[in-house]
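# after the sequence you'll find the predicted model.
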Amino acid sequence: MAQQEMRPGAHKPSILDKLSTRKAQKVIIITAFLFVPVVLLLLFTYVPLVDMFKISFEKWNGTSKVHQFIGFDNYIEIFSRPEYLSILKNSLYYFVGSIVQIVIALYFATILNYKLKGSNFFKGIIFFPSLLNGVAVGLLFLYFYKGGGTLDTVLTFLGADPETLPLWLGNAAIVNYSLVLVSLWRYMGQNMVMFNGAIQSVGTELIEAASLDGANKWQQFKFIILPNIKTIVSLNLILAVKGAISVFEIPYIMTDGQNGSSTFVMKTLDTAFVSRKYGLASALGVVLLIFIMIVTFIQKYFIEGREVDEYGNNAKRLRKEEKAYRKARKAASKGV
């Protein structure tokens, strides 16, 4: 069939006509608003990331114009020298502390979400430390832990012998526990607020119905609240892993990495700006990034992957049931 001719007087839409349509204007507005953030993201995130990856294969002091390519030597040095591997152990303290922090935050968010007298007041008290600057928190607890400070005074008042009290920041056996408690105190309120918002989004009619059916508080939490806030729990766990590996402010201010309290980020900065080994420091940064990505993917697989599999299996079962239903209807229509 021949192509239909254009009607008399009709004209081909120009570029301005196409741009004046509602759909085109919507695309232009979205593109205009996204242009600046995307450019900033590329310039200040992905371009430095590519440069860091490239420098990790070089020997460079940060100022010389000569970049000596040395291959995987920086990575081999990281995994062959005990001083770099030992600082990863300190991250385990903060990771375990983050898990404890999430559990406590979820506990407070759950009990304060019920209609309790003064719940808003206690929410404000728990959330207040997260508003403080990290430097202020470090200086506050520096005086809290020092010999004869607040903690020693309280323990002495409770009957402890001042001569037997340890150096909370000077004893390598307990310094990391002391620092982890500071992080737990500071960030627990932030997690509690996130959990509280997620719990409030759960339908109250479900909880009330379960309560009328005889479910206690623990059963309401286990079978109704927790399954509905898995996304927020997963997010907090990812942030806990990231925070445990990238701890910097509190140990830097309170101990400066002394007595075995140095962290991965502190060692990276010391390697770059003190030892002037930018290639090795970049390799440390790449290792940190890869480690966080691996832990995140594993965590998402075990938490969200099972939900996806369950959804896929349910969808497959529903398709089979629908197919069987259609066959049954077809057979019934034929009188078979």
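Noted; the coordinates are in hand.
# Gly214 - that's part of a strand, no?
No - counting by DSSP: H, G, I helix; E, B strand; the rest coil, Gly214 falls outside a strand, being coil.
# so how far is Gly189 from it?
As judged by Cβ to Cβ, to the nearest Å, Gly214 and Gly189 stand 34 Å apart. Every residue, glycine included, has its C-beta placed from N, CA and C.
# I figured Gln200 hits Thr110, correct?
No - applying Cβ atoms under 8 Å, one finds Gln200 not in contact with Thr110, separated by 11.2 Å.
# neighbour count: those two, which is higher?
Neighbours were counted for Gln200 and for Thr110 using other Cβ atoms under 10 Å; Thr110 has more, 20 against 10.
# contacts for stretch 264-277?
59, 61-62, 83-84, 87-88, 90-91, 245-248, 251-252, 257, 262, 278, 280-282, 284-285, 288 (Cβ atoms under 8 Å, 6 or more residues apart in numbering).
# flag every buried residue along it.
Phe264, Val265, Met266, Lys267, Thr268, Leu269, Thr271, Ala272, Lys277 (16 or more other Cβ atoms under 10 Å).
# nearest to Thr204 among those residues?
Set against Thr204, the nearest of the buried residues of stretch 264-277 by Cβ to Cβ is Val265 (42.8 Å).
# any idea which helix or strand carries the closest one?
Assessed by DSSP states H and E, Val265 sits inside helix 264-273.
# and the helix or strand that comes right after that helix with helix 264-273, angle?
Per DSSP H and E, the first helix or strand lying C-terminal to helix 264-273 is helix 278-300. Between helix 278-300 and helix 264-273, the angle comes out at 160 degrees (axes from the mean of the first three to the mean of the last three Cα atoms, to 10 degrees).
# what's the average pLDDT for the helix holding Val265?
The average pLDDT within helix 264-273 is 89.
# cool, stretch 289-306 as well?
Stretch 289-306 comes out at a mean pLDDT of 75.
# OK, contacts around the nearest residue to Phe291 once chain neighbours are set aside?
Once flanking residues are discounted, Phe291 sits nearest to Ile245: 6.5 Å by Cβ to Cβ, 6 or more residues apart in numbering. With contacts defined as Cβ under 8 Å, 6+ apart, Ile245 is in contact with Ser91, Tyr94, Phe95, Phe264, Val265, Leu288, Phe291, Ile292.
# top of those residues by number of neighbours, please.
Sorting the contacts of Ile245 by how many neighbours each has (other Cβ under 10 Å) puts Tyr94 first, at 25 neighbours.
# ok, it to Ile292 distance?
13 Å.
# ok, now Ile298?
As for Ile298, its distance to Ile292 is 11 Å (criterion: Cβ to Cβ).
# which stretches in the stretch 151-300 of the chain count as helices?
For the stretch 151-300 of the chain, the helices defined by DSSP state H, counting those that start in this stretch occupy 175-200, 204-212, 217-220, 226-228, 230-245, 249-254, 264-273, 278-300.
# buried sites along the fourth one?
Looking back up the chat, that one is helix 226-228. Buried residues in helix 226-228, counted by 16+ other Cβ under 10 Å: none are found.
# what does it contact?
Contacts of helix 226-228 (Cβ under 8 Å, 6+ apart): Ala198, Ser201, Val202, Val233.
# neighbours around the last one, how many?
When neighbours are counted by other Cβ under 10 Å, Val233 registers 17.
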